[in-house]
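Student: With the input below, show me the fold.
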Amino acid sequence: MSIDRRRFLSVSAASISGALLTACNANPERAAKLLDLVERKNEGLERGLFRHASMDDVPGSARVAGTDFPKYFISDAVPVWDASARGVWRLEVSGAVRTPLSLTLNDLVRLPRITQKVDHFCVEGWNARAEWSGVRVSDLARLAGATSDAQYVDFAGFDKDYHESWDMASAMHAQTLVAYGMDGRLLTPGHGAPARVHSPVKLGYKNTKYLTRIVFMPQRNGGYWSDLGYEWFGGT
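Tutor: I've put the predicted structure just below:
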């Protein structure tokens, strides 16, 4: 009697899910501890697999998703920065740094620019490609003088209370950008204007749009989806 891999994984997943549900019903506190242990083990595995030098190598001839690239936000309507009410948009870089930064969009554009065609991986199972232009987070860390206390980074935006924190190694990856351009044009509100985080090394929900703050921290905090039970590390 044979069973193919997909069927095996489906049956295994169902068995594990059933076991967890049984544990939840029998002893919720014990189940919570078990789930916490599984997540920590999974994160340890992801950290072990992560390689700072590994790149998402997309052929130059590869097609981009263009207008098919999905839009996503938390607010009831597309967030748009209102300069008349809020003043000029700025990106604040603070926390465990020697020189806090307050950068306008023009300031960002004048910094060394990276343009890269990479994948965007969604937790829902789809992926899409786009060409992003922006500034490496690692360059901003150097410009601000991130200290040895900077072990984590929190990215926050003006899409309600959306934020997500990252491990420092992923944030310093060469393909992790504060992006202000997409497919040769400045970002539109639907894709996170004026600037957003983008990196192929993290799942989409970790890539904060409508960015306003980057905070370097000695300890990690959560995030919009992480606090709702999504995996914190969110690596690809």
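Student: so where do the strands sit in the protein?
Tutor: All strands of the chain, identified by DSSP state E, fall at 91-95, 101-103, 114-121, 127-136, 152-157, 163-167, 177-182, 185-186, 196-198, 211-217.
Student: what bits of this protein have low per-residue confidence?
Tutor: 1-25, 28-52 (pLDDT under 70).
Student: what about the helices in it?
Tutor: Per DSSP state H, the chain carries helices over the ranges 5-26, 28-49, 83-86, 105-110, 137-144, 168-171.
Student: if we can go back for a sec, quick one: which of the strands of the chain is nearest V64?
Tutor: In terms of C-beta to C-beta, the element of these nearest to V64 is strand 127-136, at 5.1 Å. In short, each C-beta sits where N, CA and C put it, glycine included.
Student: in its sheet, what does the closest one sit against?
Tutor: Applying DSSP bridges, strand 127-136 is found paired with strand 114-121 (antiparallel), strand 177-182 (antiparallel).
Student: quick one, the shortest one and helix 137-144 angle?
Tutor: Pointing back at strand 177-182 there. Here strand 177-182 runs at an angle of 120 degrees relative to helix 137-144 (axes from the mean of the first three to the mean of the last three C-alpha atoms, to 10 degrees).
Student: what comes into contact with strand 177-182?
Tutor: By C-beta atoms under 8 Å, 6 or more residues apart in numbering, the list of residues contacting strand 177-182 from outside reads 69, 91, 105, 108-109, 114-116, 130-137, 140, 186-188, 191-199, 211, 214.
Student: Contacts only, for Q219.
Tutor: With contact taken as C-beta under 8 Å, 6+ apart, Q219 is in contact with Q151, Y152.
Student: And this protein, what are its domain boundaries?
Tutor: Annotated domains of the chain cover 5-49, 66-228 [automatic domain parsing].
Student: Among the ones you listed, show me which one is buried the most.
Tutor: domain 66-228 (a mean of 18; mean count of other C-beta atoms under 10 Å).
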